[in-house]
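Colleague: Quick one, fold the following:
(2 chains)
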Amino acid sequence: MWTWFYKLASPPYVYGTAAALAPWFLGLAAIAIGYGVVDGLVFAPPDYQQGDAFRIIYVHVPSAWLSLFAYVSMAVAAAIALIWRIKMGHAVAAASAPIGASFTLLALATGSLWGRPMWGTFWAWDPRLTSELILLFLYVGVMSLRSAFEDPARGDRAAALLALVGVVNVPIIHFSVVWWNSLHQGATVAKFGKPTMAASMLWPLLSMALGFMLFYGAVLCMRLQGEVLNRERQAKWVAEAIKS
Amino acid sequence: MGGGGNQIVTGTGFWSMGGYARYVWPCFAFAGMILGWNLWSARRYRVAAQLRARRALEAAETDRAAPTVVTIPRTAGGKA
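Modeller: I've put the predicted structure just below:
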């Protein structure tokens, strides 16, 4: 188990694995998202209350899930980098931040567009919306802090600490609809037991969520290749990799 | 997949999205933009890093190939 773990710390292994995985992730993401969009927009029936406006969930929910998943991935990578002093952890955290930030923005924008016809307003200082906005600020903070230091190693450490502190916001986002009175609806898919959603509406949603996750994997691998090259520019293996 | 009881939304009904077109389509358009931006920026980031690494490698090879030239500064009297 530890051999595998330490293999992950090797930059050439990370670079090679990311290069091999990226096209597979991207291809599978295209299939899953393609199916989800067609099934969600064309074949899924309109909601009996929300009509066709409910179709916004096919981009809103997967992007919201991904915003949390990317943050947790970033925090785990940051923790690994700080605890075991594995510098590839910082590379993964740095690669994850802009992707997570962009999907948080997408979740907020699509939620806002859904809120206008359903709640009568684009924005409300609701616990779920506010905590998701804080998540966007955390992403921006982590990215800014990393680039604020002249010494990249210090920037990495500071950003990793902020990422770890900010992870407390993730359960707050998830449970905000339970802990406080919220305009936002509660869990419908991730409920223990049976999801309160018809299968014809649920399948495209799950397909879109899977597609977004795979897309995250693909883009993370591509960014990670860049991060590894930037950090290991002077290494011998980089010369061999570039020549080949 | 897709389950039973599906209805196919066709024609103008599809584009009008039951009167919610101005909310539904911008969401999907923005999602497309975010996916496109992520793909473009990740590729650009990787290519830029590869280019920088290649330049660093070429510079190192040039340094190794070039003979070492030591420049001796001239003194005020014109003698080296």
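Colleague: the helices in chain A, which residues?
Modeller: In order along the chain, chain A carries the following helices (DSSP state H): A:2-7, A:11-38, A:57-84, A:87-119, A:127-148, A:152-166, A:169-179, A:199-231, A:236-243.
Colleague: CA atoms of the last one as PDB?
Modeller: Right, the one you point to is helix A:236-243. Only the C-alpha atoms of helix A:236-243 are listed here, as PDB (Å, rounded to 0.1, in the frame of the first residue of the first chain):
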ATOM      1  CA  LYS A 236      16.500  15.400 -15.800                       C
ATOM      2  CA  TRP A 237      13.300  13.400 -16.500                       C
ATOM      3  CA  VAL A 238      11.600  16.600 -17.800                       C
ATOM      4  CA  ALA A 239      14.300  16.900 -20.500                       C
ATOM      5  CA  GLU A 240      13.700  13.300 -21.500                       C
ATOM      6  CA  ALA A 241       9.900  13.800 -21.500                       C
ATOM      7  CA  ILE A 242      10.100  17.000 -23.500                       C
ATOM      8  CA  LYS A 243      12.500  15.400 -26.100                       C
END
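Colleague: now for that helix, which elements pack on it?
Modeller: Using 3 or more C-beta pairs under 8 Å, 6 or more residues apart in numbering or on different chains; DSSP states H and E as the contact definition, the elements that helix A:236-243 packs against are helix A:11-38, helix B:21-65. For every residue, glycine as well, the C-beta is placed using N, CA and C.
Colleague: Go through these and pick out the most buried.
Modeller: Most buried of these, by mean neighbour count (mean count of other C-beta atoms under 10 Å in any protein chain shown): helix A:11-38, with a mean of 17.
Colleague: how far out from the middle of the chain is that helix?
Modeller: Relative to the centre of its chain, helix A:11-38 is centred 15 Å away, using C-alpha atoms, centre = their mean, to the nearest Å.
Colleague: Give the rounded mean pLDDT of that helix.
Modeller: Mean pLDDT, helix A:11-38: 96.
Colleague: same thing with stretch A:109-123?
Modeller: 92.
Colleague: hmm, it touching chain B?
Modeller: Yes. Interface with chain B: stretch A:109-123 contributes A:109-110, A:113-114, A:116-117 (C-beta under 8 Å from any C-beta of the partner chain).
Colleague: hang on, B:Trp15 packs against B:Ala21?
Modeller: Yes. Contact status for B:Trp15 versus B:Ala21: in contact at 6.4 Å, counting by C-beta atoms under 8 Å.
Colleague: Quick one: low-confidence residue ranges for the chain.
Modeller: Reading this off chain A. A:1, A:187-195 (pLDDT under 70).
Colleague: if you could check chain B rather than the one you did, that'd help
Modeller: Ranges of chain B meeting pLDDT under 70: B:1-11, B:67-70, B:75-80.
Colleague: one more time with 80, if that's ok
Modeller: Within chain B, the segments meeting pLDDT under 80 span B:1-13, B:61, B:63-80.
Colleague: Include neighbour count when you put the residues of stretch A:109-123 next to chain B into JSON lines, please.
Modeller: As requested, the residues of stretch A:109-123 next to chain B are exported to JSON lines (neighbours: other C-beta atoms under 10 Å in any protein chain shown):
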{"residue": "A:Ala109", "neighbour count": "20"}
{"residue": "A:Thr110", "neighbour count": "27"}
{"residue": "A:Leu113", "neighbour count": "23"}
{"residue": "A:Trp114", "neighbour count": "23"}
{"residue": "A:Arg116", "neighbour count": "15"}
{"residue": "A:Pro117", "neighbour count": "16"}
